[in-house]
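S.K.: Here is the input, now give the coordinates:
(2 chains)
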Amino acid sequence: MSSAAALSAVLVVGLVTYSSRAGLILFLAERPLPPALVRALRYVGPAVLSALTVNLIAGGEGSSGVEVTEIAAICVAVIVALITRNLIASLTAGMVTLWLLLLLF
Amino acid sequence: MSNAEDAQLPISAPNDLIMRQAVRDSTPLFIPAIPFALVLGVAITESAMPTGIAWSTNLFIFAGAAQLATVSLAATATWLTLVATAAAINLRHVMYSAALAPRFGDQPRWFRWVGPYFLIDQTFALVSARTRLSADTWRRYYLTVGTFFFVLWNIAVVAGMVVGSSIPSEWRLDVAPAVMFAGLVVLGLTNWPGVVAAITGAALCFVSLGVPNNGGILIGAMSGVAAGYIADVVLDGRNLSTRGFPQ
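M.R.: Numbers count the residues shown, from 1 in each chain, chains lettered A, B, ... in the order given. Alright, predicted model coming up:
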């Protein structure tokens, strides 16, 4: 990615982020958001982040880019997150799993 | 919102008292953000973007998940996919903006422009619990919380950049963002429709991995939102969506 493309991407993401945060405050909208919009917004996080996780594992190489060690690390991270509800524990367990598997194979 | 918390501060309080309380409230919320900042710091050093530009996400975006998506996707995604994905992650902030808009009604104009910049998850959690403070006191509290997170976040990310450039690539720290996002998905789930959204998003992205330009992310994301929305409507009708996700 060229410097110009990278910088413009950062600036546009920044602008959208700021607009999401500032829009209704600047317009001082006292009316609540339409219920249907709130309903949809609630599921943007889970949907985007889980799709992003899959995409990052594949590393842009289609399903051939998926490695067993990475899948194992993700599964452990998910299970530990479910049990502990703790991001530090989840991340640590996932990475330790990855390192153990890399050592073994 | 929370009477117990408001009780610790008079509705109008001297500056040093407000600022001390703001720091005391913020500190426990910052600790879970530390590993996130470290992973981001490492990802910045490994990004396909020039390091300085990847670092500048701290100033221009200032939102952990969107920053991590931006610097991680630069290697593989097209400009449009990267921007759409990272921007979508922060759409939830519209809900924060809506919830706090009434409290900004008697604030000076400059603060209506500056305040939203600091409106990260932690800031929202803290300032929305103290909306009964007087306008001046709330603004001072808000700005202290925001500055606290901004400064510590930047320090922790730079620490991660130092770590990242000194750890050899055999440690595969490039996998950390994906592991981080997997944990974030789980922790963000509060109800069954959310589970439906997450599973649909992951599954649809997986089956469309062959779509050019990483289009699978957006296909997964849009199907996930649609599935979550439908699940919400269906389950709400049967009054199940309040049951919550099992701990």
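
S.K.: domain parsing for chain B?
M.R.: Residue ranges for the domains of chain B, per automatic domain parsing: B:3-170, B:189-243.

S.K.: what's the least confident stretch among those?
M.R.: Per-stretch mean pLDDT for the domains of chain B is lowest at domain B:189-243 (a mean of 86).

S.K.: need the domains of chain B in a markdown table with mean neighbour count and distance to A:Ala6, can you?
M.R.: Every C-beta, even on glycine, is put in place using the N, C-alpha and C of the backbone. Below are those laid out as a markdown table (neighbours: other C-beta atoms under 10 Å in any protein chain shown; distance: least, C-beta to C-beta, whole Å):
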| stretch | mean neighbour count | distance to A:Ala6 |
| --- | --- | --- |
| domain B:3-170 | 19 | 4 |
| domain B:189-243 | 20 | 16 |
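
S.K.: Adding distance to chain A, write those domains out as TSV.
M.R.: Below are those laid out as TSV (distance: least, C-beta to the nearest C-beta, whole Å):
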stretch	distance to chain A
domain B:3-170	3
domain B:189-243	2
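
S.K.: Would you mind saying which of those domains lies nearest A:Pro32?
M.R.: A:Pro32 lies closest to domain B:3-170 among these, at 6.5 Å (C-beta to C-beta).

S.K.: need the helices for chain B, in chain order.
M.R.: B:3-7, B:15-30, B:33-46, B:51-55, B:57-60, B:64-73, B:79-89, B:93-100, B:109-114, B:121-127, B:135-166, B:176-188, B:192-207, B:215-237 (DSSP state H).

S.K.: still on that earlier bit, who wins for proximity to A:Asn55 among the domains of chain B?
M.R.: Closest approach to A:Asn55 among the domains of chain B (C-beta to C-beta): domain B:189-243, 4.8 Å.

S.K.: surely B:Val42 meets B:Gly164?
M.R.: Yes. Using C-beta atoms under 8 Å, B:Val42 is in contact with B:Gly164, at 3.3 Å.

S.K.: between those two, what contacts are shared?
M.R.: Jointly contacting B:Val42 and B:Gly164 under the rule C-beta atoms under 8 Å, 6 or more residues apart in numbering or on different chains are B:Leu173.

S.K.: Make JSON lines out of the helices of chain B and add distance to A:Thr97.
M.R.: Compiled in JSON lines, the helices of chain B are given as follows (distance: least, C-beta to C-beta, whole Å):
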{"stretch": "helix B:3-7", "distance to A:Thr97": "39"}
{"stretch": "helix B:15-30", "distance to A:Thr97": "27"}
{"stretch": "helix B:33-46", "distance to A:Thr97": "16"}
{"stretch": "helix B:51-55", "distance to A:Thr97": "27"}
{"stretch": "helix B:57-60", "distance to A:Thr97": "28"}
{"stretch": "helix B:64-73", "distance to A:Thr97": "20"}
{"stretch": "helix B:79-89", "distance to A:Thr97": "26"}
{"stretch": "helix B:93-100", "distance to A:Thr97": "33"}
{"stretch": "helix B:109-114", "distance to A:Thr97": "43"}
{"stretch": "helix B:121-127", "distance to A:Thr97": "27"}
{"stretch": "helix B:135-166", "distance to A:Thr97": "20"}
{"stretch": "helix B:176-188", "distance to A:Thr97": "9"}
{"stretch": "helix B:192-207", "distance to A:Thr97": "19"}
{"stretch": "helix B:215-237", "distance to A:Thr97": "24"}
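
S.K.: Now for chain A, the helix or strand with the poorest mean pLDDT.
M.R.: Lowest on mean pLDDT, DSSP states H and E among the helices and strands of chain A sits helix A:35-41, with a mean of 87.

S.K.: what about it, near chain B?
M.R.: Yes. Looking at helix A:35-41 against chain B by C-beta under 8 Å from any C-beta of the partner chain, the contacts come from A:38-41.

S.K.: In space, what's closest to the residue nearest to the spatial centre of chain A - neighbours in sequence excluded?
M.R.: In chain A, the residue lying closest to the centroid (C-alpha atoms, centre = their mean) is A:Leu49, at 3.4 Å. Once flanking residues are discounted, A:Leu49 sits nearest to B:Val185: 4.7 Å by C-beta to C-beta, 6 or more residues apart in numbering or on different chains.

S.K.: Tell me if I'm right that that neighbour and A:Ala47 touch.
M.R.: No. The pair B:Val185 / A:Ala47 is not scored as a contact, 9.3 Å apart, by C-beta under 8 Å.

S.K.: list residues touching both of these two?
M.R.: Common contact partners of B:Val185 and A:Ala47 (C-beta under 8 Å, 6+ apart): B:Ala198.

S.K.: circling back to that earlier point, just the buried residues from the residues of helix A:35-41 next to chain B, in PyMOL please.
M.R.: This is how PyMOL selects the buried members of the residues of helix A:35-41 next to chain B, with burial counted by 16 or more other C-beta atoms under 10 Å in any protein chain shown:
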select buried, chain A and resi 39+40+41
